[in-house]
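A.B. asks: missing the sequence, but the structure's below:
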């Protein structure tokens, strides 16, 4: 499946090439390795799960954060690591309980910056009452690592009635997004390229989505949830369509997008659907609950929450966009590098 | 506590400076954050623990592997990551059940090497029936990371009667090591420096210590266990002496050391007590069980297992070495960089 001989940036971009690497080197090599009836590597959910003796599930997630620059408009690598970890748990229905971090730093890194990064991490974790229970700290000689990489593991408990899955979307389900898309990706792209939109700075949306998910579970009818990070909405919707063997149709005019992100994407010729969000949840919900969910989200401050489309029986694994002009186009799984070191 | 302005290699060496960074930036900032009555960041054990509803404990560990070279005599970074993760669980009394890995690779990395590394990882995990249930894969642009860093998280279950702790060593306890020391450190040092010992190649001891720990728990009387990795025996014994508020005395003549490692250390002026092992367990055991433990270990193939010393009431936190010539010297917590990217 992986036919090239060397790793390219695209292999880390979260799109098709990343899926190929993970499929070839991890899923196939480690197939059948799964703990009892939890979700393991085969399912490739945002977190893995292990059934607990009391009927609930333990959710566990691990991600490395390599974002460049390490301080970006709207956050830094510490805030991103804590946020991303909590979000991977939250979209599985888990209540986060504990985290561990492993920090690898380049020799010569400023202690003051490390302090700011760790403080941002702590601020997020403390706000949500999540413990940091351990970790690791390593240093690489100058020139062997660009500044800092943080890997964070998160543990949470999924109450037995809250186990959702990417495989679980039903025909007719409405697709809800909790806010505007692509801001993290656009902010990092701006910071990396030095090319911005005049007078309209773009901030990363980096923020925990725990309240949004709690609101969703109060309403009920939730079948799946996902945070559209690397590869953006395009990647998330394609994963859902493939895993649920359905067609997903979204309406361009309903997808919330800030004016500055839109202008920026038009200027650079980038598809905003492929840009990462780091503070949004994509939720598949029973049609009869969809309006109620959007209203509840809006009343909790998610003012841009919207129903953007629905899942249907049809060609399996297809994602279609109904454009503003009324046409239909296929949204492909993103390929290529998009933005390196986006998260 | 950390008075310098920039990170040095010593901060990652696993000795006193690493302890200072972890104390200043993680333990203090995140103090009081602990999950119920498990071990958290305050205790800095090899794994953290969370009590489960059935009275057992969940053990969790996370470590980043930055070893250089990535293929070394006796192993590679994939074998080391899997081994180190299993060992951190095993020394806590845990039965490993699942792992997750997060792999960060430099653009241009050879797919063939990735394949070898992941295969080595799998071989170790499969041998012990441990699942790989998820992970992450990121790529950094060429020149921003030297080849590959692997972070691995491990989960295990500690049966309620097997919860041991670095704080738990009793006066009179014998200190047992399951084999010769310092081989991983010496192998990496040889590989990095290009300076070896003629006709006596040094292999890393990198190997899981699960059988050794299972043997120990069958014998019973185990109060603490540790794998002496970064900072070697010197670091491990100092941690024990400080946490248990005891003096630990070890006899130089009883510490198993291969001739080639000894010769190499003498040639370079390196103290073998500060060199990492990656396949040895240090065990504190009730005196009446010590001989039985060593016999059992030897009969299981750990031919160099030995009682190397004991814990005593005395000056708190001190580690003393009774030298071959009969003198006593203090073994300090290692300082300085020792060997960069040792693990």
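C.D. replies: Everything's here; your move. Please read these numbers as outputs of a predicted model, since none were measured by experiment. Numbers count the residues shown, from 1 in each chain, chains lettered A, B, ... in the order given.

A.B. asks: what's the closest non-adjacent residue to residue A:255?
C.D. replies: Computed as C-beta to C-beta, 6 or more residues apart in numbering or on different chains, the closest residue to residue A:255 that is not its neighbour in sequence is residue A:308, at 5.0 Å. (C-beta placed from N, C-alpha, C; glycine too.)

A.B. asks: tell me the contacts of that neighbour?
C.D. replies: A:175, A:176, A:177, A:250, A:251, A:254, A:255, A:256 (C-beta atoms under 8 Å, 6 or more residues apart in numbering or on different chains).

A.B. asks: count of neighbours near the third one?
C.D. replies: Read that as residue A:177. Other residues near residue A:177 come to 27 when the count uses other C-beta atoms under 10 Å in any protein chain shown.

A.B. asks: next helix or strand past the helix or strand hosting residue A:186?
C.D. replies: Assessed by DSSP states H and E, residue A:186 sits inside helix A:183-193. Proceeding C-terminally, helix A:183-193 gives way to helix A:210-219 as the next helix or strand, assigned by DSSP H and E.

A.B. asks: can you check the pLDDT for the residue of the stretch 151-300 of chain A found nearest chain B?
C.D. replies: Nearest to chain B in the stretch 151-300 of chain A, going by C-beta to the nearest C-beta, is residue A:151, at a distance of 3.8 Å. As predicted, residue A:151 sits at a pLDDT of 97.

A.B. asks: again, but for residue A:193
C.D. replies: Residue A:193 is given a pLDDT of 86.

A.B. asks: now do the contacts for the closest residue to it other than its chain neighbours.
C.D. replies: Spatial nearest neighbour of residue A:193, chain neighbours left out: residue A:268 (8.0 Å); criterion: C-beta to C-beta, 6+ apart. For residue A:268, the contact set (C-beta under 8 Å, 6+ apart) comprises A:189, A:193, A:195.

A.B. asks: where's the residue of the stretch 151-300 of chain A closest to chain B, which helix or strand?
C.D. replies: strand A:148-158.

A.B. asks: strands paired with that strand, and their directions?
C.D. replies: Here strand A:148-158 has these sheet partners by DSSP bridges: strand A:57-65 (antiparallel), strand A:95-106 (antiparallel).

A.B. asks: SS state for the closest residue to residue A:25 other than its chain neighbours?
C.D. replies: In space, and not counting its chain neighbours, residue A:25 is closest to residue B:118: 4.9 Å by C-beta to C-beta, 6+ apart. Look at residue B:118: counting by DSSP: H, G, I helix; E, B strand; the rest coil, its state is helix.

A.B. asks: which ones are touching residue B:118?
C.D. replies: Counting by C-beta under 8 Å, 6+ apart, residue B:118 touches A:25, A:26, A:29, B:78.

A.B. asks: based on its surroundings, how many neighbours for the second one?
C.D. replies: Neighbourhood size, residue A:26 [other C-beta under 10 Å]: 22.

A.B. asks: relative to residue A:216, how far out is it?
C.D. replies: Distance from residue A:26 to residue A:216, counting by C-beta to C-beta, to the nearest Å: 30 Å.

A.B. asks: you'd agree residue A:140 is up against residue B:144?
C.D. replies: No - Residue A:140 lies out of contact with residue B:144 (C-beta atoms under 8 Å); the separation is 11.3 Å.

A.B. asks: and the helix or strand hosting residue A:138, average pLDDT?
C.D. replies: Element membership for residue A:138, per DSSP H and E: strand A:131-140. Taken as a whole, strand A:131-140 has a mean pLDDT of 91.

A.B. asks: what about it, near chain B?
C.D. replies: Yes - judged by C-beta under 8 Å from any C-beta of the partner chain, strand A:131-140 comes into contact with chain B through A:131, A:132, A:133, A:134, A:135, A:136, A:137, A:138, A:139, A:140.

A.B. asks: buried ones among those?
C.D. replies: Buried residues within those, defined by neighbour count using 16 or more other C-beta atoms under 10 Å in any protein chain shown: A:131, A:132, A:133, A:134, A:135, A:136, A:137, A:138, A:139, A:140.

A.B. asks: kind regards, and thank you for your time.
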